[in-house]
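K.L.:
Give the three-dimensional model of this entry:
(one chain, ligands or ions: 2)
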Amino acid sequence: MAILNILRYPDPRLHKVAQPVAVFDERLAQLVADMAETMYDAPGIGLAATQVDVHEQVIVIDTTEDKSALVAYINPEILWSSDDKQVYDEGCLSVPGVYDGVERPSKVKVRAYDVKGQPFEVEADGLLAVCIQHEMDHLLGKVFVEYLSPLKRNRIKTKLQKEERGAQREAQLRAQGRRY
Ligand code: GNR
Ligand code: NI
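P.N.:
Ligands and ions are numbered 1, 2, ... in the order given. You can find the predicted model right below:
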């Protein structure tokens with residue numbers, strides 16, 4: 001098991017398009033296990049492989065309070081989405097500290113494969129529907145801030161770039177501290 005590094009917006013690798021999984025093997029099982037550990041550690045309710053710089057169609061989700069219902073969605077496809085929409089205040093582990101309203105279909109029907117390659121279908125509403133769509137966007141290289149106005153998106157970008165520079169500087173000072 002391992003906790004993986006989560007890419008942060010505006011990292012260009014968050015915009016890569018994920019490829020379908022072709023082989024359901026031990027490597028895939030290990031990726032799912034590591035993604036689950038990373039998601040629970042963060043903590044978050046979902047994680048897409050794109051966020052850990054693996055560009056394959058793999059998602060993990062657990063929307064339960066007690067972290068008791070992990071589901072892996074491999075090669076997910078939306079079979080149907082409702083005409084009615086809901087606005088939900090979304091957040092993202094790749095955009096820390098930012099929450100804003102995003103409108104999406106309120107219900108979706110999804111087909112995916114489990115880690116062993118067995119197909120399954122889920123009809124989701126509420127938070128699960130939001131999360132599935134948010135994660136599937138990641139696999140297409142899309143981050144939720146792209147639904148916000150350009151003004152908001154640029155403010156978020158500047159704020160996160162500033163935080164990243166601060167973190168880099170601190171890391172450098174720590175490394176210097178060890179040397180002297
Ligand atoms: O942990 C997460 N919470 C969340 C809250 C509202 C809407 C979407 C999400 S997904 C997010 C984890 C994440 O970034 N997944 O890609
Ligand atoms: Ni996200």
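
K.L.:
rest of the way, CA atoms for contacts and neighbours
P.N.:
Will do.

K.L.:
gap between A29 and D114?
P.N.:
Going from A29 to D114 by Cα to Cα, to the nearest Å gives 10 Å.

K.L.:
Between these two, point out the one with more neighbours.
P.N.:
Neighbours were counted for A29 and for D114 using other Cα atoms under 10 Å; D114 has more, 18 against 15.

K.L.:
For the more buried one, give me its contacts.
P.N.:
Counting by Cα atoms under 8 Å, 6 or more residues apart in numbering, D114 touches V71, A72, Y73, I74, F120.

K.L.:
Pull the helix or strand containing Y88 out as PDB, backbone CA atoms only.
P.N.:
Using DSSP states H and E, Y88 sits within strand 85-90. As requested, the backbone C-alpha atoms of strand 85-90 are provided in PDB (Å, rounded to 0.1, in the frame of the first residue of the first chain):
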ATOM      1  CA  LYS A  85     -30.100  19.400 -13.000                       C
ATOM      2  CA  GLN A  86     -28.900  20.100  -9.500                       C
ATOM      3  CA  VAL A  87     -26.300  22.700  -8.300                       C
ATOM      4  CA  TYR A  88     -23.900  21.300  -5.700                       C
ATOM      5  CA  ASP A  89     -21.000  23.100  -3.900                       C
ATOM      6  CA  GLU A  90     -18.100  21.100  -5.200                       C
END
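
K.L.:
What is it packed up against?
P.N.:
Counting by 3 or more Cα pairs under 8 Å, 6 or more residues apart in numbering; DSSP states H and E, the packing neighbours recorded for strand 85-90 are strand 100-105.

K.L.:
Let me know whether the strand it packs on sits next to ligand 1.
P.N.:
No. Using Cα under 6 Å from any ligand atom, strand 100-105 stays clear of ligand 1, with a minimum separation of 8.7 Å.

K.L.:
Can I get that strand in CSV, CA atoms only?
P.N.:
Taking Å, rounded to 0.1, in the frame of the first residue of the first chain, the C-alpha atoms of strand 100-105 are listed here in CSV:
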residue,chain,number,x,y,z
ASP,A,100,-18.1,26.5,-5.7
GLY,A,101,-21.4,25.7,-7.2
VAL,A,102,-21.5,23.5,-10.3
GLU,A,103,-24.7,22.5,-12.1
ARG,A,104,-25.0,18.9,-13.5
PRO,A,105,-27.7,16.4,-14.3
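
K.L.:
Mean confidence (pLDDT) on that strand, please.
P.N.:
For strand 100-105, the mean per-residue pLDDT is 98.

K.L.:
That one pairs with which strands?
P.N.:
Strand pairing for strand 100-105, using DSSP bridges, gives strand 85-90 (antiparallel).

K.L.:
And the contacts of the partner strand?
P.N.:
Y99, D100, G101, V102, E103, R104, P105, S106, K107, V130, F144.
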